[in-house]
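# Sequence first, predicted coordinates after that:
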Amino acid sequence: QVQLVESGGGLVQPGGSLRLSCAASGSIFSVGAMGWYRQVPGKQRELVASIISGGSINYADSLKGRFTISTDNAKNTVWLQMNSLKPEDTAVYYCNAVIAATATTLPSNYWGQGTQVTVSS
C-alpha cells in the first residue's frame with residue numbers, strides 16, 4: 001500500500017510564503033509523476049503543478065512565477081514553494097502521485113489527505 005503524507009499548510013498573510021511537502025511511502029517500485037492540486041468548496045479540483053520522472057514540469061498558467069515545484073526522487077518527496085500568496089490561493093492542497101507498486105503492476109494514482117492553506121489578513 002502507498003501513502004502520501006503532506007505537511008506545511010496553514011494560515012498566512014497576503015504576500016507571504018508557504019512551503020508544502022509530501023512524502024510517498026510504502027510499496028514503491030517506481031514513481032511516474034508527482035504533483036499538487038487544489039480545491040475550494042463548490043469547485044473542481046485543479047492542477048497547481050506537476051513533475052514527471054523525466055523532469056518535465058507543468059504549472060497552472062495563473063500560478064507561473066509564484067509557485068515552484070521540486071522533488072527529491074531518492075526520497076520520493078515533492079515540495080511546493082508558494083510565494084506572494086493571495087487570498088484566492090486559499091484552498092485545500094492535495095498531493096498526487098502516479099506510482100507502480102511492483103515491477104509487474106500498472107501505475108496507480110494516489111492522493112494525500114489534503115492540507116489547508118488559508119491566505120488572509
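Everything's here; your move.

# need the helices for this protein, in chain order.
Ranges of helices in the chain, per DSSP state H: none exist.

# quick one: residue 42 from residue 91, how far?
Look at residue 42 and residue 91: by Cβ to Cβ, to the nearest Å, they are 11 Å apart. Backbone N, C-alpha and C define where each C-beta goes, glycine included.

# With neighbour numbers in mind, choose between those two.
More crowded of residue 42 and residue 91, by other Cβ atoms under 10 Å: residue 91, with 22 against 5.

# beta partners for the closest residue to the more buried one other than its chain neighbours?
Spatial nearest neighbour of residue 91, chain neighbours left out: residue 38 (3.9 Å); criterion: Cβ to Cβ, 6 or more residues apart in numbering. With DSSP bridges applied, residue 38 shows beta-bridge pairing to residue 46, residue 93.

# now do residue 119
With DSSP bridges as the rule, residue 119 is bridged to residue 12.

# Could you pull up the contacting residues of it?
Applying Cβ atoms under 8 Å, 6 or more residues apart in numbering, one finds that residue 119 lies in contact with 12, 13, 14, 16, 85, 86, 87, 88, 89, 90.

# what would those look like in a markdown table with neighbour count, distance to residue 4 and pLDDT?
Formatted as a markdown table, these follow (neighbours: other Cβ atoms under 10 Å; distance: Cβ to Cβ, whole Å; pLDDT from 0 to 100):
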| residue | neighbour count | distance to residue 4 | pLDDT |
| --- | --- | --- | --- |
| 12 | 18 | 22 | 98 |
| 13 | 10 | 28 | 98 |
| 14 | 13 | 28 | 98 |
| 16 | 14 | 25 | 98 |
| 85 | 21 | 23 | 98 |
| 86 | 11 | 26 | 97 |
| 87 | 11 | 27 | 97 |
| 88 | 10 | 25 | 96 |
| 89 | 22 | 21 | 97 |
| 90 | 16 | 22 | 98 |
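
# in the protein, which spans are strands?
Secondary structure of the chain (DSSP state E): strands at 2-7, 10-12, 18-26, 30-39, 46-52, 57-59, 67-72, 77-82, 91-100, 108-111, 115-119.
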